[in-house]
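Asker: Need coordinates for the following:
(2 chains)
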Amino acid sequence: QKEVEQNSGPLSVPEGAIASLNCTYSDRVSQSFFWYRQYSGKSPELIMSIYSNGDKEDGRFTAQLNKASQYVSLLIRDSQPSDSATYLCAVNGGVSWGKLQFGAGTQVVVTP
Amino acid sequence: GAVVSQHPSRVICKSGTSVKIECRSLDFQATTMFWYRQFPKQSLMLMATSNEGSKATYEQGVEKDKFLINHASLTLSTLTVTSAHPEDSSFYICSARDPAGGPIGELFFGEGSRLTVL
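Answerer: Modelled structure (predicted):
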């Protein structure tokens, strides 16, 4: 079982719609959770961090964390073509203290 | 967020030569930096943790004699790929954690270095 799992996609989303990305993790004592966006050929860019259960909103992005279910999600509202990228879920803490464990990423394609 | 700079962004070398990649934290001091490798269509794979003033910690399966890491100052870590082979061609990315975030804070990434070994 992979430590951090994501659907690889591609997730096709019409422009203006909501993109919903999911991530599950195996280490129950993980303490911090991140979403990175990676454009093709570029390095990852942090877009959201979340540390406690519930929702966290930043502009068009909302991260949701449920530690009991070991689940973290990212919603992108009013999706734009510029949101087309691969979104990486990353988890920190727990057994791999101080290191980020990355999921394989979900490719999002926003169609005009 | 914190700024991490990496150089060179692209490098092409002949098989058997060595290549050095630099990673700098520009606006903070990083006692720890992380080196990742990413093959096409795959996620980031942690290669090693670079510790200022001490030896790097390598992940299982990563050859420490092939991937030399030096973290000589609080703002600079280098990765040297020695005796490079075509299978070492990859995207190498360094990262560092803003100390303000503590050990579970977010990582900030350099721009990445694309290595092509001919």
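Asker: got the contact list for the residue positioned nearest the centre of chain B?
Answerer: The residue lying closest to the centre of chain B (Cα atoms, centre = their mean) is residue B:35, at 3.3 Å. When contacts are counted by Cβ atoms under 8 Å, 6 or more residues apart in numbering or on different chains, residue B:35 touches B:23, B:46-50, B:67, B:69, B:77, B:79, B:92-94. To be clear about C-beta, it is placed using only N, CA and C from the backbone, and glycine gets the same treatment.
Asker: Those residues of chain A touching chain B, which are they?
Answerer: Within chain A, the positions adjacent to chain B are A:31-32, A:34, A:36, A:41-46, A:49, A:51, A:88, A:90, A:92-93, A:97-100, A:102-105 by Cβ under 8 Å from any Cβ of the partner chain.
Asker: Now do the contacts for residue A:46.
Answerer: Counting by Cβ under 8 Å, 6+ apart, residue A:46 has contacts A:34, A:35, A:36, B:1, B:106, B:107, B:108.
Asker: want to throw those residues into JSON lines with secondary structure, distance to residue A:18 and neighbour count?
Answerer: Below are the contacts of residue A:46 laid out as JSON lines (DSSP: H, G, I helix; E, B strand; the rest coil; distance: Cβ to Cβ, whole Å; neighbours: other Cβ atoms under 10 Å in any protein chain shown):
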{"residue": "A:34", "secondary structure": "strand", "distance to residue A:18": "20", "neighbour count": "25"}
{"residue": "A:35", "secondary structure": "strand", "distance to residue A:18": "15", "neighbour count": "24"}
{"residue": "A:36", "secondary structure": "strand", "distance to residue A:18": "20", "neighbour count": "25"}
{"residue": "B:1", "secondary structure": "coil", "distance to residue A:18": "26", "neighbour count": "12"}
{"residue": "B:106", "secondary structure": "coil", "distance to residue A:18": "24", "neighbour count": "21"}
{"residue": "B:107", "secondary structure": "strand", "distance to residue A:18": "27", "neighbour count": "26"}
{"residue": "B:108", "secondary structure": "strand", "distance to residue A:18": "28", "neighbour count": "22"}
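Asker: Tell me where the chain has helices.
Answerer: You didn't say which chain, so I picked chain A. Here chain A has no helices by DSSP state H.
Asker: Chain B is the one I meant
Answerer: Assigned by DSSP H, chain B shows no helices.
Asker: related to what we said a few turns ago, intersect the contacts of residue B:35 with the contacts of chain A.
Answerer: Restricting the contacts of residue B:35 to those near chain A - Cβ under 8 Å from any Cβ - leaves B:46, B:49, B:93.
Asker: And for the residue nearest to the second one when sequence neighbours are not counted, the neighbour number?
Answerer: This means residue B:49. Ranked by Cβ to Cβ, 6 or more residues apart in numbering or on different chains and with sequence neighbours excluded, the top spatial neighbour of residue B:49 is residue B:57, at 4.4 Å. Residue B:57: 15 surrounding residues under other Cβ atoms under 10 Å in any protein chain shown.
Asker: before we move on, back to that, name whatever forms a beta bridge with the residue nearest to the centre of chain B.
Answerer: Counting by DSSP bridges, residue B:35 is bridged to residue B:48, residue B:94.
Asker: Verify the stated contact: residue B:78 with residue B:24.
Answerer: No. Residue B:78 sits out of contact with residue B:24 when judged by Cβ atoms under 8 Å, with a separation of 9.7 Å.
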